[in-house]
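**Student:** Model the structure of this input:
(chains A and B)
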Amino acid sequence: MSQTRLLSVLVENKPGVLHRVASMIRRRGFNIDSLSVGPTEDDSVSRMTIAVHVGKQQAEQATKQLSKLVDVITIDDITGLRNVAHELLLIRIHAPAGQRREILDLIAIFRGRVVDVAPNTLIVEVTGSTEKIDNFIELVHPYGIKEAARSGAVALVRGDEARIRLVDFEIGTDVTERSAAPAQGEAADTTGTV
Amino acid sequence: MAATAARTDQTPEPARRLTGAQIALESLIREGTETIFGYPGGANLWLYRYLPEYPQLRHILVRHEQGGAHAADGFARSKRGSVGVVFATSGPGALNLVTGLATAYLDSVPVIAITGQVATTAIGTDSFQESDVIGSTMSVVKHSYLITRAEDIAPTIKEAFHVARTGRPGPVLIDFPKDLQAAVTEFNYPEEPIRLRSFPPPPRPDAARLRRIAQLIREAKRPVILAGRGVIISGAEETLLELSHKANIPVGWTLLGTGAYPVTDPLALQMVGFMGAGYTNKAVCDADVLIMIGMRCDDRVTTKLDSFAPRVEHLIHIDIDPAEIGKNVVPHVSVVADADTALRELIPMVEPKREHEWLTQIDQWREEHPVRFLNHNGLLQPQEVLEEMYSRSQDEAIVLADVGQNQIWAALWFRYSRPGLFLNSGGTGTMGYAFPASMGAKMANPDKTVFCVTGEGGFVMNMQEMATMVENNIAVKVLVLNNRSLGMVRQFQDDFYEGVRSAVDLSFTPDLVKLGDAFGMKAMTTDKLEEVGPMLDAALAHDGPVLMNFDIDPLANVYPIVPLGKGMLDFVEAE
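**Tutor:** Next up is the predicted model:
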């Protein structure tokens, strides 16, 4: 059964690393829903958050193939974990004076912000889960969407502790322990069943 | 020590200032390189400018970069622990390496390719002979580097060798802009071992899982081991033999695993799969415990996936690459580790045992389904040539096979006793591989006999390397099994594509004896069995490369074979 899986990938901040990751995903025939990449607390490390639409065995294969890339430090399948996964939406909505009040109410419900006002349109910023963004777009659709830009999800797992600390990845770390435990509620993967 | 330390000649030498080209060449020497296969051009001329200053680096001028890549592959494959090195210039030179890199990648062969690149200031301007080599090769290398600063040259080369050799080996490409080859900087070869947080060494085998495997072996009624190239790379042939003898487990192998287990051992099965021995397929399909070691389990092994090992209750997979576990076949127990380490730790946990019924059953299958050929028409059969060749190999000769019928015949008709004696492009199936790769194998093993078994189709794909071989007197003995057609394709068309022969006729292959003469290569031909032995004797007595053409039965086929789309037990045998 296919579903969207969320992979949180820490990579060396080196030229070409995005190409390597994207190329691997394409070559193995996986479909990317979204991919976002940016700096982390450590200058030498970037975090990629990749949403891929795959079955479970495929997800495992994608994870293993990605972790083989020399520039990939660690990869964590955080699907189903207690995570915060947020997207940013910027959307230009047709909002003539007569309809502006209604639209502003919707924006308030979604805790969005108006970031630009023009005579006939508004640019609105909304952040949140992919589902929330999808809902917002659906609701403003009847007013007329002039254009939109979405960031793709970025995500962190909830709780006090960093899920992956780079110091854990010193030489000698067992490769089988490199990716964190499988998502809750799932049976051990095919590498683990005895 | 204090006294000697005070001597002035013990003070560290000040770092020398060298050009980037010199730094690269010195770095190669530090990594143990002795032989480079290469081809010069505009973007690597600084490397070639300084190459003569390093006589300890023997450069072999190949006649096409693809030949160079295959030669570096053959060098590394035939000499465990070595890394093949190939040079090419930018653009077309580098792109000509792609097939060779892919071949090395799929078969896990450590190769370093150093490609010239246009100057850093010209990258991205579509300048003369510029191409995106990193992008073009990305999916066929283990890793690649574009050098952007002169001070990175030495550390990059050191890291590249580390990545190529460590874990599951593979090719690594270094793209080296020409301005950096000329740039002068201090040369300090990094002394520290490479430590990469993103590339940890392979893990230790999990002891609990090994104990579980030992228990499964104890309970098994019909155990079978399959060995892949991972066993050979790891040097696990002795531990594999010990394990199989201790628990009396029959051992089969993949095409690339040929040589991992001695063919003459009483517990030896044969190659498995699509063109494997019938009795091996029968054993795998009846096994209750199947142990796969260092193999990818690709479609040439499984044939139709659901026909593979249908009675298996416990499928065990040991591989150094976690991505191979569960990729094609999902095991019940897996161990991610180096094969030799895993087997070494497993053996003491295993109890001696012998399943008499199972071994008797296998012996019976071995008798019922021998790997054999029949000569119906009196024409020279390829297997007859190979038998004559085997009788002259003294169990020592290295055999390189090309791709197609010759490859399977060479895999099945030689009784290989050790790893490293049979080399072929099993993964990519690259026609034209064997001839240039055999140069590399001979360079790496100058004291061994090296046979190159090929067809007239694959031979002409890289026949330009005759010039290289003759120039350097690389004494490979080439056997062209000439059936005047693309034999394997012809066989497929006859049997699986409604009998329509299309684009397989090679009647117009040039006269190979005259061709050999033109290159100055001793060449002979025959179509008679009684002349094969004397011809091979003459070839072996000749101090230099020899090209032998054997006009074989044009309709000789590979058997056994599983018809396309069929399962492991549907193999068709010679009759």
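
**Student:** which residues touch residue B:62?
**Tutor:** Residues in contact with residue B:62 (CB atoms under 8 Å, 6 or more residues apart in numbering or on different chains) are B:37, B:38, B:39, B:68, B:71, B:436, B:439, B:465, B:468. Every residue, glycine included, has its C-beta placed from N, CA and C.

**Student:** Can you tell me the closest non-neighbouring residue to it?
**Tutor:** Using CB to CB, 6 or more residues apart in numbering or on different chains and skipping residues adjacent in sequence, the residue nearest residue B:62 is residue B:68, 4.1 Å away.

**Student:** Would you mind measuring from that neighbour to chain A?
**Tutor:** According to CB to the nearest CB, to the nearest Å, residue B:68 stands 24 Å off from chain A.

**Student:** just residue B:131 next, same as before
**Tutor:** Residue B:131 is 15 Å from chain A, by CB to the nearest CB.

**Student:** Would you mind giving the secondary structure of that residue?
**Tutor:** coil (DSSP: H, G, I helix; E, B strand; the rest coil).

**Student:** What is the neighbour count of it?
**Tutor:** Counted with other CB atoms under 10 Å in any protein chain shown, the neighbours of residue B:131 add up to 17.

**Student:** before we move on, what about residue B:128?
**Tutor:** 11.

**Student:** hmm, back to that, could you check how many residues crowd around the residue nearest to residue B:62?
**Tutor:** 32.

**Student:** so what's it up against?
**Tutor:** B:37, B:38, B:39, B:60, B:62, B:86, B:87, B:88, B:97, B:100, B:436.

**Student:** Please enumerate the strands of the stretch 451-575 of chain B.
**Tutor:** B:477-482, B:522-526, B:546-551 (DSSP state E, counting those that start in this stretch).

**Student:** Pick the most buried one from the ones you listed.
**Tutor:** The highest mean neighbour count among the strands of the stretch 451-575 of chain B, using mean count of other CB atoms under 10 Å in any protein chain shown, belongs to strand B:477-482: a mean of 28.

**Student:** Off-centre distance for that one?
**Tutor:** 19 Å (CA atoms, centre = their mean, to the nearest Å).

**Student:** Domains in the chain, by residue range?
**Tutor:** You didn't pick a chain, so chain A it is. Domain segmentation of chain A under automatic domain parsing yields A:3-82+A:159-177, A:84-150.

**Student:** that's the other chain; I wanted chain B
**Tutor:** Taken from automatic domain parsing, chain B resolves into B:16-187, B:207-368, B:382-567.

**Student:** And the average pLDDT for the longest one is what?
**Tutor:** The predicted model assigns domain B:382-567 a mean pLDDT of 97.

**Student:** that older thread, can you tell me which of the contacts of residue B:62 are in strands?
**Tutor:** Mapping the contacts of residue B:62 onto strands (DSSP state E) picks out B:37, B:38.

**Student:** By neighbour count, which of the contacts of residue B:62 wins?
**Tutor:** residue B:71 (35 neighbours).

**Student:** Tell me if I'm right that it and residue B:37 touch.
**Tutor:** Yes: using CB atoms under 8 Å, residue B:71 makes contact with residue B:37 at a distance of 4.3 Å.

**Student:** any shared contact partners between those two?
**Tutor:** Residues touching both residue B:71 and residue B:37 (CB under 8 Å, 6+ apart) are B:60, B:62, B:84, B:86, B:439, B:440.

**Student:** that older thread, weakest of the domains of chain A in terms of mean pLDDT?
**Tutor:** Within the domains of chain A, the stretch with the lowest mean pLDDT is domain A:3-82+A:159-177, showing a mean of 84.

**Student:** so of the contacts of residue B:68, which ones are in helices?
**Tutor:** B:100, B:436 (DSSP state H).

**Student:** any idea which of the contacts of residue B:68 is closest to residue A:157?
**Tutor:** residue B:97 (42.9 Å; CB to CB).

**Student:** can you pull the contacts of that closest one?
**Tutor:** Residue B:97 touches B:65, B:66, B:68, B:69, B:86, B:88, B:113, B:115, B:137, B:173, counting by CB under 8 Å, 6+ apart.

**Student:** closest to residue B:243 among those?
**Tutor:** Closest to residue B:243, out of all of the contacts of residue B:97 and judged by CB to CB, is residue B:69, at 35.8 Å.

**Student:** Now that closest one. Nearest residue, chain neighbours left out?
**Tutor:** residue B:100 (2.3 Å).

**Student:** neighbours of the one you found, just the number please.
**Tutor:** 36.

**Student:** Isn't it up against residue B:94?
**Tutor:** No: counting by CB under 8 Å, no contact exists between residue B:100 and residue B:94, whose distance comes to 11.1 Å.

**Student:** Spell out which residues are contacts of both of these two.
**Tutor:** Contacts common to residue B:100 and residue B:94, judged by CB under 8 Å, 6+ apart, are residue B:65.

**Student:** ok, so of the contacts of residue B:68, who is nearest residue B:317?
**Tutor:** Relative to residue B:317, the closest of the contacts of residue B:68 is residue B:100; by CB to CB it sits at 29.3 Å.
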